[in-house]
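# only geometry, no sequence info:
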């Protein structure tokens with residue numbers, strides 16, 4: 001068990017800037033605002049910027065370590081505390097709002113970036129990690145804050161932007177969506193996991209489902225080009241970056257987990273297909289290429305992501321797949337799908353299997369006397385009737401297996417269920433004939449059932465024979481009606 005002396009030693013010798021602070025006054029201020037009916041802190045602070053300053057004045061520094069004194073050029077803790085207005089000033093207040101909102105929303109631990117100033121006047125961009133210590137969640141009287149000076153990285157990025165002005169023009173005019181991102185926060189999280197002794201990263205992510213979300217939150221988008229704004233329907237860069245949660249959602253969580261697994265295994269260049277969403281809500285199929293830029297493999301602080309919209313290609317592929325399994329005239333399943341489904345049911349069930357064999361009556365007569373266009377219209381009407389009769393019943397399959405031949409496969413259904421389908425079809429045929437004048441639509445139907453794979457062939461034959469009997473009766477009645 002760590003003693004208080006050990007804690008003091010660890011605190012003092014830590015290689016990063018550590019601050020032990022008391023936020024209880026901020027908690028009291030928040031409670032007051034909530035009692036006054038304030039619900040949106042960000043809007044409340046935006047309405048009067050002096051409120052952010054008021055919040056910052058609620059932070060009480062209890063203790064800092066030696067690294068903090070060195071970082072801020074202070075000779076003692078008291079000197080640093082006395083001159084805190086020189087440390088927390090200027091553009092720091094523009095960035096403190098996010099930190100204040102995290103606390104307002106009840107976050108007990110979070111990270112953010114801000115700006116501080118050393119006592120010698122140096123401006124520092126800092127990475128802040130804040131954690132309300134265990135046992136003090138209600139009072140906020142003990143908060144551990146760690147600061148990391150990331151100024152060199154920021155300056156390097158600005159210098160890089162200046163030196164790449166020509167490349168930026170090419171970047172902005174690229175016909176492909178380009179994102180420049182900083183994955184250094186992701187790498188830090190993954191390094192922490194690796195250093196903790198984890199070896200099976202896939203199992204780790206399945207157990208710690210929030211880790212993927214934490215990694216996503218650590219990604220910093222540094223830049224996007226104009227094509228990105230056009231692709232996702234954003235008015236400007238700020239509009240896009242402010243709604244990233246609308247773009248990267250749903251299926252993206254799973255694909256990002258796969259991306260993290262590849263990074264864990266050292267794959268810093270990746271190609272995959274993912275799904276994103278435009279700000280209008282429209283799904284976009286994406287071909288993504290991810291690459292940690294050369295020279296940045298150690299930190300992953302510069303990553304280029306290119307996105308190509310392949311939605312049209314995916315729709316074409318889906319349509320080709322649809323055509324491979326559907327009859328284009330009736331829009332029912334085709335013979336190829338029927339054969340595949342029948343083989344699947346024969347292997348795996350479920351049983352019983354009921355079969356309804358169907359044949360469109362008088363199609364040849366219509367083709368011969370009125371032409372094939374009229375015959376095709378009859379087939380389309382038959383497709384409408386059968387599709388409506390099937391509804392959304394799963395796994396019922398109705399297919400056109402020949403010119404005027406149809407079959408319904410009803411796995412897991414007995415003969416009574418098949419009789420019910422037959423009655424629905426006959427009822428819908430009557431309604432269809434009332435709606436369409438002229439040639440009446442008529443189907444000869446036969447039913448059979450079986451309880452195992454060895455009986456399937458016999459059931460198919462029995463259904464066909466019953467259908468042929470019905471068809472014979474139809475033509476006998478038709479001849480009788482003509483004679484009468």
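Done, it's in. Since we're looking at a predicted model, the values are computed, not measured.
# what ranges do the strands span in the chain?
Here the chain has its strands, by DSSP state E, at 17-22, 60-64, 109-117, 123-132, 143-149, 177-182, 220-224, 269-277, 283-292, 303-309, 353-360, 397-400, 405-411, 443-450.
# Pick the most buried one from the ones you listed.
strand 353-360 (a mean of 25; mean count of other C-beta atoms under 10 Å). Backbone N, C-alpha and C define where each C-beta goes, glycine included.
# tell me what that one is packed against?
Counting contacts by 3 or more C-beta pairs under 8 Å, 6 or more residues apart in numbering; DSSP states H and E, strand 353-360 packs against helix 372-390, strand 405-411, helix 415-435, strand 443-450, helix 456-483.
# For the shortest one, name the packing helices and strands.
Other helices and strands packing on strand 405-411, by 3+ C-beta pairs under 8 Å, 6+ apart, are helix 335-348, strand 353-360, helix 372-390, strand 397-400, helix 415-435.
# quick one on the thing from earlier: could you save the strands of the chain as JSON lines and add columns showing mean pLDDT and distance to residue 375?
Compiled in JSON lines, those are given as follows (pLDDT from 0 to 100; distance: least, C-beta to C-beta, whole Å):
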{"stretch": "strand 17-22", "mean pLDDT": "94", "distance to residue 375": "84"}
{"stretch": "strand 60-64", "mean pLDDT": "93", "distance to residue 375": "88"}
{"stretch": "strand 109-117", "mean pLDDT": "89", "distance to residue 375": "69"}
{"stretch": "strand 123-132", "mean pLDDT": "92", "distance to residue 375": "74"}
{"stretch": "strand 143-149", "mean pLDDT": "93", "distance to residue 375": "77"}
{"stretch": "strand 177-182", "mean pLDDT": "96", "distance to residue 375": "49"}
{"stretch": "strand 220-224", "mean pLDDT": "94", "distance to residue 375": "56"}
{"stretch": "strand 269-277", "mean pLDDT": "94", "distance to residue 375": "42"}
{"stretch": "strand 283-292", "mean pLDDT": "95", "distance to residue 375": "39"}
{"stretch": "strand 303-309", "mean pLDDT": "95", "distance to residue 375": "42"}
{"stretch": "strand 353-360", "mean pLDDT": "96", "distance to residue 375": "9"}
{"stretch": "strand 397-400", "mean pLDDT": "95", "distance to residue 375": "13"}
{"stretch": "strand 405-411", "mean pLDDT": "96", "distance to residue 375": "14"}
{"stretch": "strand 443-450", "mean pLDDT": "96", "distance to residue 375": "15"}
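# one step back: of all the helices and strands packed on strand 405-411, which one is nearest residue 157?
helix 335-348 (55.3 Å; C-beta to C-beta).
# And that closest one, how far out from the chain middle?
Relative to the mean C-alpha coordinate of its chain, helix 335-348 is positioned 33 Å out (C-alpha atoms, centre = their mean, to the nearest Å).
# Same check on stretch 130-146?
With C-alpha atoms, centre = their mean as the basis, stretch 130-146 stands 34 Å off its chain's centre.
# Same question for stretch 315-329.
Stretch 315-329 sits 26 Å away from the centroid of its parent chain (C-alpha atoms, centre = their mean).
# What's the mean pLDDT across that stretch?
In this model, stretch 315-329 has a mean pLDDT of 87.
# Which positions within that stretch qualify as buried?
326-327 (16 or more other C-beta atoms under 10 Å).
# Other residues contacting it?
Residues outside stretch 315-329 that contact it (C-beta atoms under 8 Å, 6 or more residues apart in numbering) are 332-334, 336-337, 376, 379-380, 383, 399-400.
# What subset of the residues you listed is buried?
Buried members of the contacts of stretch 315-329, scored by 16+ other C-beta under 10 Å, are 332-334, 337, 379, 383, 399-400.
# Serialize the strands of the chain to TSV and add fields for distance to residue 41.
Output for the strands of the chain, formatted as TSV (distance: least, C-beta to C-beta, whole Å):
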stretch	distance to residue 41
strand 17-22	19
strand 60-64	20
strand 109-117	14
strand 123-132	16
strand 143-149	18
strand 177-182	27
strand 220-224	23
strand 269-277	28
strand 283-292	34
strand 303-309	32
strand 353-360	62
strand 397-400	56
strand 405-411	57
strand 443-450	66
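# coming back round to it: compare the helices and strands packed on strand 353-360 and give me the one nearest residue 135.
strand 405-411 (59.8 Å).
# how much distance is there from the closest one to the middle of the chain?
Worked out by C-alpha atoms, centre = their mean, strand 405-411 lies 37 Å from the chain centre.
# Partner strands of that strand, with direction?
strand 353-360 (antiparallel), strand 397-400 (antiparallel) (DSSP bridges).
# Taking helix 415-435 as reference, get the angle to the longest one.
Orientation of strand 353-360 against helix 415-435 (axes from the mean of the first three to the mean of the last three C-alpha atoms, to 10 degrees) gives an angle of 20 degrees.
# one step back: the helices and strands packed on strand 353-360 into CSV, with extra columns for distance to residue 159?
Formatted as CSV, the helices and strands packed on strand 353-360 follow (distance: least, C-beta to C-beta, whole Å):
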stretch, distance to residue 159
helix 372-390, 65
strand 405-411, 67
helix 415-435, 73
strand 443-450, 77
helix 456-483, 74
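# And those: which comes nearest residue 187?
strand 405-411 (50.8 Å).
# What lies in contact with the closest one?
By C-beta under 8 Å, 6+ apart, the list of residues contacting strand 405-411 reads 332, 338, 341-342, 345, 349-351, 353-360, 382, 386, 390, 395-401, 417-418, 421, 443, 463.
# What does the most centrally placed residue in the chain show for phi and psi?
Centroid-nearest residue in the chain: residue 250, 2.2 Å away (criterion: C-alpha atoms, centre = their mean). Here is the backbone geometry of residue 250 (degrees, to the nearest 10): phi 60, psi -120.
# Wait, it touches residue 281, no?
No. Residue 250 lies out of contact with residue 281 (C-beta atoms under 8 Å); the separation is 11.1 Å.
# Apart from its chain neighbours, what residue comes closest to the residue nearest to the centre of the chain?
residue 275 (6.8 Å; C-beta to C-beta, 6 or more residues apart in numbering).
# Check residue 462 too.
That would be residue 448: by C-beta to C-beta, 6+ apart, it lies 3.8 Å from residue 462.
# Look up how far residue 352 lies from that neighbour.
10 Å (C-beta to C-beta, to the nearest Å).
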